[in-house]
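1. The sequence and its predicted three-dimensional model are supplied below.
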Amino acid sequence: MGTKYVVLVLTIASIALMMFIPKAYWFLSYGSILALIGSALAFGSVSALVAARGLYFLAHVTPHAALLAIPLAFLASLWLGGGHGLIAALVTVGLLLAAGYAIGRGVSGDVAASLLASFTASASAIILYEAQRRLGAARVSSLILGDPLLVGLSEGVIGLALGLTVFLISLSVAREVFYIGLSRELAAVEGLKVEVYDFTLYTLIALTTVTMLGIVGFLVASILILLPGAIASIFSRGSIETLTASVAIALAASAAGLTGGLALNISPSGAIGLTLVVLYAILKVVKVG
C-alpha cells in the first residue's frame, strides 16, 4: 500500500476515534477534540517544514519564546485592558524573526537559537514569577503542562480554524521551502524570494506555538513541533507527501495519546508526546535494522 493511502487511512481513523471518545467519557467536550485536531494539523504541518529546513534547534526553543510572551501579554493586558492574544503573538513572532534575521545575516542557526533560548529562559523566570503572583498558579501551570480536557467549544473552533489555516498555508509553500532546504543559494539564484519564505515559516512556527501552548503545554509543544516531521521524513518522499504524512502522524499520536491518557488516568498531553517518541524510536530501529 502506498504512503498516500496509509496517510489517508490513518487520518480518517484518527479523527473518527477522537470524535467517538466524548461518547465514552461524559466530561469530555467536543471543544477538546476540535482543539486537538487543530493542534495536530498546525504542528504536523509546521514540523514537516522545520524538518525540510533543518531548523530543529530553533523550532525547539520557540516554545521558550511563547512561554515568555504569553504571561508577559497577560500582565500587559491588565494595564491595557485586553488584547493579550495579539500581544503574545506579536512578541513571539518578533523574537523568532529576530533570530531568523540573525541567521540570514550569517549567524549560525545553533548560535542564534542558543541566544534566543538563553534570553527567553532568563526573562521567563522573572515574568512567570510575577504572573504567578498576579494571575495565580493555575494559569501559569496550564502554560507549562497544558490541559486539552478543559478546552471549551469556542476555543476548540478557534484551534481548528488555526490548524486548517496553517495546513493550507504550509501546503502552498511546501515545495519552495523544501527546495530552499536543499540549497538556499541555488533557490536564490533561480529567483525564489528566500526571505519571504523564511518570514512565512518563522511566522507559522511562532503563531502555532503561542496559540496552542495552552492546549498541549510548553513541554509537549517542544515534541510536537519536532517529531512528526522527523518521523515522516523517514519513510516519505517529496514535499507534499512528507507534509501530509507529518499531519497524519500528529493526528494519530493525538488520538492514541488522548485514548491512552484517559484510560490510564494520566496527562493526555504527556501521552501524546510519549507516543511520538516511541514511534520515532521504533521506526529508526526498523530502518537501521
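-> Thanks, I have it.
2. how about I266, secondary structure?
-> Classification of I266 using DSSP: H, G, I helix; E, B strand; the rest coil returns coil.
3. so where is the stretch 151-289 of the chain shaky, pLDDT-wise?
-> Scanning the stretch 151-289 of the chain for pLDDT under 70 picks out 214, 288-289.
4. Show me where it has its strands.
-> In order along the chain, the stretch 151-289 of the chain carries no strands (DSSP state E, counting those that start in this stretch).
5. A121 touches P63, doesn't it?
-> No - with contact defined as CB atoms under 8 Å, A121 does not count as touching P63 (11.0 Å). C-beta: built from backbone N, CA, C; applies to glycine.
6. higher neighbour count, those two?
-> P63 (28 against 13; other CB atoms under 10 Å).
7. Surely the more buried one touches I225?
-> Yes - using CB under 8 Å, P63 is in contact with I225, at 7.3 Å.
8. Between these two, which contacts overlap?
-> T209 (CB atoms under 8 Å, 6 or more residues apart in numbering).
9. For burial, what's the neighbour tally of T200?
-> For T200, using other CB under 10 Å, the count is 18.
10. where's L78, which helix or strand?
-> Assigned by DSSP states H and E, L78 belongs to helix 56-80.
11. buried ones in that helix?
-> Using 16 or more other CB atoms under 10 Å as the test for burial, helix 56-80 gives 56-77.
12. next helix or strand past the helix or strand harbouring I21?
-> Using DSSP H and E, I21 falls within helix 3-24. Using DSSP H and E, the next helix or strand after helix 3-24 towards the C-terminus is helix 30-53.
13. quick check: mean pLDDT across that following helix?
-> Average pLDDT, helix 30-53: 93.
14. what's the angle from it to helix 3-24?
-> Here the directions of helix 30-53 and helix 3-24 differ by 150 degrees (axes from the mean of the first three to the mean of the last three CA atoms, to 10 degrees).
15. which helices and strands does helix 30-53 pack with?
-> helix 3-24, helix 56-80, helix 153-182, helix 194-224, helix 227-235, helix 239-264 (3 or more CB pairs under 8 Å, 6 or more residues apart in numbering; DSSP states H and E).
16. rerun that using 10 Å as the cut-off
-> Helices and strands touching helix 30-53, by 3 or more CB pairs under 10 Å, 6 or more residues apart in numbering; DSSP states H and E, are helix 3-24, helix 56-80, helix 153-182, helix 194-224, helix 227-235, helix 239-264, helix 268-288.
17. returning to that earlier point: report all helices and strands that the helix holding L78 contacts.
-> Helices and strands touching helix 56-80, by 3+ CB pairs under 10 Å, 6+ apart, are helix 30-53, helix 84-104, helix 109-135, helix 137-145, helix 194-224, helix 227-235.
18. Just say which of these is most tucked in.
-> Mean neighbour count (mean count of other CB atoms under 10 Å) peaks for helix 30-53 among the helices and strands packed on helix 56-80, with a mean of 28.
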